[in-house]
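Novice: could you work out the structure for the sequence below:
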Amino acid sequence: MRTRICLIGAGVTIGLLLAGCGDDDTGTDSTATTDAEGTPATSTTLPTATTALAAADVNVASSSLGDILVDSEGLTLYIFTNDSAGTSTCVDACAQAWPPLTATSVSVGEGLTEGDFALIARPDGTQQLAVADQPLYRFAGDSNPGDTAGQALNSVWYVVAPDGTPIEAS
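Specialist: Residues are numbered from 1 along each chain as shown. Just a heads-up that it's a prediction; the model follows:
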């Protein structure tokens, strides 16, 4: 019985984390709709929204979606199409499910041009790495290098190609 209550509580917590990460016509955040495959698992390996890395290491990795951007641990990076150029709109509960890639400096791997990346100011005062003016995020549902569980989630979250364009294929 206790296990069942804990599992229900975990499901509610995850649902709350996704609040604000969906798409709507007003430009404001709304509750995301997801199915069992789109619901992120909690992860303790991702930095929180307020934990800044000294240098954001960005690299390229091959995946079933083609070449994609990954962080220093090989975790997939995403863009949020509700963001406008140079502005992050994923905050609070959204940033818990989609931790921004925050840092104090930029470091890029082979095949990438450092000039394509910049640090932008987040509403909480931290600096977030952006490519082609699009802020970069991780997904709490990705726990291993190569995971792309956030791909096309709610039709607003996409894996990003090395040139900064979203990869919209599933």
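
Novice: going by C-alpha atoms from here, please, whenever you check contacts or count neighbours.
Specialist: Will do.

Novice: low-confidence ranges in the protein?
Specialist: Judged against pLDDT under 70, the low-scoring parts of the chain cover residues 1-53.

Novice: and the strands in it?
Specialist: Taking DSSP state E as the criterion, the chain carries its strands at 56-63, 66-70, 78-80, 106-108, 117-121, 127-131, 134-135, 157-160, 166-167.

Novice: so what strands line up beside the fourth one?
Specialist: So that's strand 106-108. In the sheet, strand 106-108 lines up against strand 56-63 (parallel) (DSSP bridges).

Novice: so which bits of the partner strand are buried?
Specialist: Buried residues in strand 56-63, counted by 16 or more other C-alpha atoms under 10 Å: A56, D57, V58, N59, V60, A61.

Novice: now swap in stretch 142-153 and tell me
Specialist: Judged by neighbour count using 16+ other C-alpha under 10 Å, the buried positions of stretch 142-153 are D142, S143, G146, T148, A149, G150, Q151, A152, L153.

Novice: pick out the most distant pair among the buried residues of strand 56-63.
Specialist: Across the buried residues of strand 56-63, no pair lies farther apart than A56 and A61, at 15.7 Å, counting by C-alpha to C-alpha.
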